[in-house]
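Participant: what follows is a protein structure lacking sequence information:
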């Protein structure tokens, strides 16, 4: 990584969106990838994140163990709540309470330690699952809060939260990634992938991803179970 | 706890301020106390929190293990940075990057799971150490963000962040606590307390606490080393 590029913290889940955000960020920034082990149902996603961080030669990849599952309330972290096969109305049970707020808060902390002023998150408000913490008004409010929260912000080093995918459709995200050399076969989006990383093909996340490849006119490289 | 009281999440460090916030909250709320094991130098503070949660018979006390020390950047979590004996100018090295943002984010998550709309935090902007995330403008910004972040907020259940101590001096906080039956000998504020919970008597936090008891005209019950 060139030492002339400014540092940025990239939230990297190992899914399609976060990898695309990383591919965009690395053109201008020295990238520090941040992932979380938060009681997900499987570790396939984190294995994908490690693999991607390695391939993209990020300056550092940290995986924080955080106690999110302990609070419960989501099908993604609570084994007693089933992931539904068909899309629900409203905000789905796969919603994890305050997840992006917690993730962005850690990114803010790490950015301050690194003396970085830039955070990337691959949220998307178009072909999304109805999560409140993926909307532009939420990101704006987090950004205002962040700039009052830290010592470095108080000292005049304004923090920017970059959301390069926020207004794109899933098809447009895939086209943007392919243009930036992303190999989507490395990514895992499925909420219920098996231990080999094979996707179920029918959950909300699989459905959006499949449709995205169709819309982008690109062959879907996803491994399905 | 009466079932008629609404639920509130109380951030409980085991220090003087958070106990006072709990004493205020419990008059009107069914209290759920939240503490963090975040790589503090010692566990004396957490032992105090457990003890207090027990004495106040909170409905539940959760201690989350979170990987804050792993990010570094503070004398409170990084053994390579010494806690200074005299007060520094500006924001001190005991500042932990984005700490209150991370703590409040978890409180927000738990509040949503509990279907609670009330969070208490014992921040104080008067006799404080210059931390940016203790100021009213920060709390207001967090509150705005929180009300865009969660499923329950979107569904109309407005979250309130209560800061009953924010405009009080340390002496006034102590008087408020004593009025509400707080036994401050149970609390630990020192940044460098020894393994028996005895305070150093000279760090920034000890200095503010000592002065507080003097201003309140109340005998200081703190155990000093």
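Facilitator: Cool, the structure landed. On a predicted model such as this, the values are computed, not experimentally measured, just so you know.
Participant: give me the number of residues near residue A:198?
Facilitator: 15 (other C-beta atoms under 10 Å in any protein chain shown). C-beta coordinates here come from the backbone N, C-alpha and C atoms, glycine included.
Participant: need the pLDDT of the residue lying closest to it once chain neighbours are set aside.
Facilitator: Using C-beta to C-beta, 6 or more residues apart in numbering or on different chains and skipping residues adjacent in sequence, the residue nearest residue A:198 is residue A:225, 3.9 Å away. pLDDT for residue A:225: 87.
Participant: following the lowest-mean-pLDDT helix or strand in chain A, which helix or strand shows up next?
Facilitator: When the helices and strands of chain A are scored by mean pLDDT, DSSP states H and E, helix A:151-154 comes last with a mean of 85. For helix A:151-154, the following helix or strand on the C-terminal side (DSSP states H and E) is strand A:160-162.
Participant: pull out the buried residues from that following strand.
Facilitator: A:161, A:162 (16 or more other C-beta atoms under 10 Å in any protein chain shown).
Participant: top helix in chain A by residue count?
Facilitator: For chain A, the longest helix by residue count, based on DSSP state H, is helix A:99-114.
Participant: list the helices and strands it packs on?
Facilitator: strand A:7-11, strand A:30-37, strand A:118-120, helix A:136-149, helix B:99-114, helix B:136-149 (3 or more C-beta pairs under 8 Å, 6 or more residues apart in numbering or on different chains; DSSP states H and E).
Participant: what angle sits between it and helix B:99-114?
Facilitator: 170 degrees (axes from the mean of the first three to the mean of the last three C-alpha atoms, to 10 degrees).
Participant: any idea how far helix A:99-114 is from the chain center?
Facilitator: Here helix A:99-114 is found 13 Å from its chain centre; the criterion is C-alpha atoms, centre = their mean, to the nearest Å.
Participant: that one to strand A:7-11, inter-axis angle?
Facilitator: Going by the same axes, to 10 degrees, helix A:99-114 makes 160 degrees with strand A:7-11.
Participant: got the buried residues for helix A:99-114?
Facilitator: A:99-114.
Participant: spatially nearest residue to residue A:146 (excluding sequence neighbours)?
Facilitator: residue A:159 (4.9 Å).
Participant: just to revisit the earlier point, do the least confident helix or strand of chain A and chain B meet?
Facilitator: Yes - counting by C-beta under 8 Å from any C-beta of the partner chain, chain B has neighbours in helix A:151-154: A:151, A:153, A:154.
Participant: who touches the residue with the largest distance to the centre of chain A in this structure?
Facilitator: The centre of chain A is farthest from one residue, residue A:155, which by C-alpha atoms, centre = their mean lies 29.0 Å away. With contacts defined as C-beta atoms under 8 Å, 6 or more residues apart in numbering or on different chains, residue A:155 has no neighbours.
Participant: give me the phi and psi for it.
Facilitator: Dihedral angles of residue A:155 (phi, psi; degrees, to the nearest 10) stand at phi -90, psi 10.
Participant: below-threshold pLDDT in chain A: ranges please.
Facilitator: Applying pLDDT under 70 to chain A flags residues A:1-3, A:40-42, A:67, A:69, A:72-95, A:127-129.
Participant: repeat the analysis, applying 90 as the threshold.
Facilitator: A:1-4, A:37-46, A:64-99, A:113, A:124-132, A:150-156, A:186-198, A:201-208, A:223, A:225 (pLDDT under 90).
Participant: look up how far residue A:29 lies from residue A:5.
Facilitator: 5 Å (C-beta to C-beta, to the nearest Å).
Participant: these two - which one has more neighbours?
Facilitator: residue A:29 (21 against 15).
Participant: now do the contacts for that one.
Facilitator: A:5, A:6, A:7, A:8, A:118, A:120.
Participant: grab the nearest non-local neighbour of it.
Facilitator: residue A:8 (3.6 Å).
Participant: to residue B:172, which of the helices and strands packed on helix A:99-114 lies closest?
Facilitator: helix B:136-149 (16.1 Å; C-beta to C-beta).
Participant: give me the helices and strands touching that closest one, please.
Facilitator: helix A:99-114, helix A:136-149, helix B:99-114, helix B:151-154, strand B:160-162.
Participant: any idea which of those gets closest to residue A:54?
Facilitator: Nearest of those (C-beta to C-beta): helix A:99-114, 19.1 Å.
Participant: report the angle between the closest one and strand A:30-37.
Facilitator: 140 degrees.
Participant: tell me the contacts of residue A:120?
Facilitator: Here residue A:120 is in contact with A:8, A:9, A:10, A:11, A:21, A:22, A:24, A:25, A:29, A:162, A:163, A:164 (C-beta under 8 Å, 6+ apart).
Participant: one more: residue A:225?
Facilitator: A:193, A:194, A:198, A:199, A:200, A:201.
Participant: could you find the closest non-adjacent residue to the second one?
Facilitator: Right, the one you point to is residue A:194. residue A:225 (5.3 Å).
Participant: follow-up on the earlier one: what's the spacing between the residue farthest from the centre of chain A and residue A:112?
Facilitator: From residue A:155 to residue A:112 the distance is 10 Å (C-beta to C-beta).
Participant: tally of neighbours for residue A:200?
Facilitator: Counted with other C-beta under 10 Å, residue A:200 comes out at 17.
Participant: I should have written residue A:185 there, sorry.
Facilitator: 12.
Participant: measure it to chain B for me?
Facilitator: 30 Å (C-beta to the nearest C-beta, to the nearest Å).
Participant: contacting residues for that residue?
Facilitator: A:221, A:222, A:223.
Participant: quick check: buried residues in the strand or helix carrying residue A:47?
Facilitator: Residue A:47 is part of helix A:44-55, with elements assigned from DSSP H and E. Residues of helix A:44-55 classed as buried by neighbour count (16+ other C-beta under 10 Å): A:44, A:45, A:46, A:48, A:49, A:50, A:52, A:53.
Participant: nearest to chain B, of the residues you listed?
Facilitator: residue A:46 (14.2 Å; C-beta to the nearest C-beta).
Participant: and that closest one, what does it touch?
Facilitator: Per C-beta under 8 Å, 6+ apart, neighbours of residue A:46: A:14, A:35, A:37, A:40, A:63.
Participant: most neighbours of all those, which one?
Facilitator: residue A:14 (25 neighbours).
Participant: that one in helix, strand or coil?
Facilitator: coil (DSSP: H, G, I helix; E, B strand; the rest coil).
Participant: could you measure from the residue nearest to residue A:102 when sequence neighbours are not counted over to residue B:24?
Facilitator: Nearest residue to residue A:102, sequence neighbours excluded (C-beta to C-beta, 6+ apart): residue B:105, at 4.5 Å. Distance, residue B:105 to residue B:24, by C-beta to C-beta: 22 Å.
Participant: same thing with residue A:47?
Facilitator: Taking C-beta to C-beta, one finds residue A:47 at 47 Å from residue B:24.
Participant: go on, residue A:166?
Facilitator: From residue A:166 to residue B:24 the distance is 40 Å (C-beta to C-beta).
Participant: and if you look at residue A:209?
Facilitator: In terms of C-beta to C-beta, residue A:209 sits 49 Å off from residue B:24.
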